[in-house]
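Fold the following, please.
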Amino acid sequence: MTDELELVNFCCEELEEAVSSDPDASLIEHDSGLILLNLGQREEDGETGVVLATIRFCPFCGTEIQTDEDIEAALGAVEIVE
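So this is what the prediction gives:
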């Protein structure tokens, strides 16, 4: 396993390898710092958008990676378009 110092923002190597800044990836690291699960695209009124969900626990090792408070704080700075 990689030295803990190298995994500054990630709990395990699998999560580090899976997270991307690419908006089409399954696990996205958002500008707000949240790690989000990409559920796919949704079309409404002729416009297409991406459906994202927050996750609290690593899908690979089960470690809590972001608390409800972390998520609420980060979402306060994110523009939500409905």
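
all contacts plus neighbour counts: C-alpha atoms, from now on.
Noted.

now the helices for the chain?
13-18, 68-75 (DSSP state H).

Now the last one: buried residues?
Of the residues in helix 68-75, those buried under the neighbour-count criterion (16 or more other CA atoms under 10 Å) are residue 71.

what about the helices of the chain, which gets the closest to residue 58?
Across the helices of the chain, the minimum distance to residue 58, taken as CA to CA, is reached by helix 13-18, at 7.1 Å.

hang on, residue 54 packs against residue 34?
Yes. Between residue 54 and residue 34 there is a contact at 7.4 Å, judged by CA atoms under 8 Å.

any idea which of the helices of the chain scores lowest on pLDDT?
Between the helices of the chain, the lowest average pLDDT goes to helix 68-75, which shows a mean of 87.

quick one: that helix to chain centroid distance?
Computed by CA atoms, centre = their mean, to the nearest Å, the chain-centroid distance of helix 68-75 equals 12 Å.

pLDDT below threshold where in the protein?
When residues are selected by pLDDT under 70, those of the chain lie in 1-9, 77-82.

ok, longest strand in it?
strand 35-44 (DSSP state E).

who does that one pair up with?
The strands that strand 35-44 pairs with in its sheet are strand 27-29 (antiparallel), strand 47-54 (antiparallel) (by DSSP bridges).

can I get the CA coordinates of it in CSV?
This file holds the C-alpha atoms of strand 35-44, laid out as CSV (Å, rounded to 0.1, in the frame of the first residue of the first chain):
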residue,chain,number,x,y,z
ILE,A,35,-16.5,13.7,-4.2
LEU,A,36,-19.7,13.1,-6.2
LEU,A,37,-21.2,10.1,-7.9
ASN,A,38,-22.3,10.7,-11.5
LEU,A,39,-25.7,9.1,-12.0
GLY,A,40,-25.9,10.1,-15.6
GLN,A,41,-27.7,12.7,-17.7
ARG,A,42,-31.2,13.9,-17.5
GLU,A,43,-33.1,15.8,-20.2
GLU,A,44,-35.8,18.2,-19.3
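
Helix 68-75 and that strand, what's the angle between them?
50 degrees (axes from the mean of the first three to the mean of the last three CA atoms, to 10 degrees).
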